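Participant: following is a predicted model, sequence given first.
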Amino acid sequence: MKLYLRYLSLALLAVILFSCKSGEKLYNKGRYDDAVNAFVKKLQRRPTDATSLSLLPRAYQSAMDFHESRAKQALASNNDLKWENVRYEYNAMQRLYDVIRSSPAANSVVKPKDYSTAITSVNENAAEARYARGVQLLENGDKPSARQAYDEFTAALRLTPNYKNANELREQAYAIGLVNVVISEIDVRSPYYQFTADQFRDALVRNLQSRNINDFVKFYDQRLVRNDSRFRPDQYMEMRFMDFVVGQTYVDRHSREVSKVIQVPGTKKDSTGKAIMVDITVKATVFVTSKTVASNGLLDYRIVDVENNRVLRQDRVPGSFTWRNQFGTYRGDQRALSEEDKRLIGGRDIPPPPPQDLFMELTRPIYDRLASDLQSFYTRY
């Protein structure tokens, strides 16, 4: 126990010495804020430390001179957002105030300046600058400017909550900057089959809405907004399935020989009277029937600007799906069959799915590719 306490005391002493040395190093390197923090931490552990008591006032004054100089430079600039730079420097000085006030020993040698009132005033000025920029952008009346205005009003509210009518103007900016994309009904062109692609469209709309691709882009199902006279779409997304083909059922029959070496009791016995195991080879013939139906299709889509009927994006996405069923029988020794052979023999002859089901299966890869394409397009929009 005594040995443990001795090691603990040495470790604490090492930490104290390191902290003091670290504070001096930071001060000599001109990292005055970090030096203040290091000296205060040292004084919280050892209030009478001579080095910290001596160097802390110098470090604090050097840090204050640095931040006040930068704040004055910012105020003298023509930058619209200069108040945010001033705010940054004032916050840095306020953190030094809070740190020193947390230690009675530090507070005895340094009387830090409280910037809390000044920060409140600076926040007001910074919020006003953002607010004014937002109002000017909103007056342009176009979507890109409205989106920028939304960001400016958001920044103003972050600096000063409930600043003027920034909340109301931000909502206006959002409404102007929003792009409403309507997903139209899907046309399926097939010379042999008639399909409905409602499930595909339903899944696509839900997915695009849930992905939150872009805060200023919203997707709607045409069926839900068709009769809403207040709704104004900005873009239409038109889709058409082309060249959808369900192939004929292709049947392949083949057989293969299988064998396996197994152990069985022989005619000879050991000294205990137990039959000695011997290797034998068992054989069988597996007859396999494979039924395959290949389906493929092509989705043509384009995104059109409603105002000028300009095509914003157009592409074709291929898709395919192959249905396959295998089953089998065997002749010979069942022990020669592998687990895979047994599964085949346990299968049965079933008819292919109806064309509508095959259509939905081939749309799965098309859907994934299309959703990815749209996310890429609208993320940068």
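Facilitator: Here it is on my side, so go on.

Participant: A38 and N28 touch, don't they?
Facilitator: No: at 12.0 Å, A38 does not count as touching N28 under the criterion of Cβ atoms under 8 Å. Where C-beta positions appear, they are placed from N, C-alpha and C, glycine not excepted.

Participant: the more surrounded of the two?
Facilitator: A count of neighbours by other Cβ atoms under 10 Å puts A38 above the other of A38 and N28, at 25 against 10.

Participant: you'd agree that one is in a helix?
Facilitator: Yes: assessed with DSSP: H, G, I helix; E, B strand; the rest coil, A38 lies in a helix.

Participant: where along this protein do the strands fall?
Facilitator: Counting by DSSP state E, the segments of the chain that form strands are 179-183, 187-188, 217-221, 235-246, 250-269, 275-305, 311-332.

Participant: ranking those by mean pLDDT, which is last?
Facilitator: For the strands of the chain, mean pLDDT drops lowest on strand 187-188, to a mean of 74.

Participant: and it, which strands flank it?
Facilitator: According to DSSP bridges, strand 187-188 forms sheet pairs with strand 235-246 (parallel).

Participant: can you point out the buried residues in the partner strand?
Facilitator: Buried positions in strand 235-246, judged by neighbour count with 16 or more other Cβ atoms under 10 Å: 235-241, 244-246.

Participant: out of those residues, flag the one nearest to R302.
Facilitator: Set against R302, the nearest of the buried residues of strand 235-246 by Cβ to Cβ is E238 (5.6 Å).

Participant: residues in contact with the residue nearest to that closest one when sequence neighbours are not counted?
Facilitator: Nearest non-adjacent residue to E238, counting by Cβ to Cβ, 6 or more residues apart in numbering: S184, 5.0 Å away. Residues counted as contacts of S184 (Cβ atoms under 8 Å, 6 or more residues apart in numbering) are 222, 236-239.

Participant: just A106 next, same as before
Facilitator: By Cβ under 8 Å, 6+ apart, A106 lies in contact with 39-40, 43-44, 52, 56, 99-100.

Participant: save the contacts of S184 as TSV, and put in distance to K72 too.
Facilitator: Converted to TSV, the contacts of S184 look like this (distance: Cβ to Cβ, whole Å):
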residue	distance to K72
Q222	59
Y236	56
M237	55
E238	60
M239	61
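
Participant: what's the closest of those to K143?
Facilitator: The shortest distance between K143 and any of those, using Cβ to Cβ, involves Y236 and amounts to 16.7 Å.

Participant: what's opposite that closest one in the beta bridge?
Facilitator: Applying DSSP bridges, one finds that Y236 bridges with V182, V304.

Participant: same check, this time on the one 10 residues further on
Facilitator: Beta-bridge partners of V246, counted by DSSP bridges, are S295.
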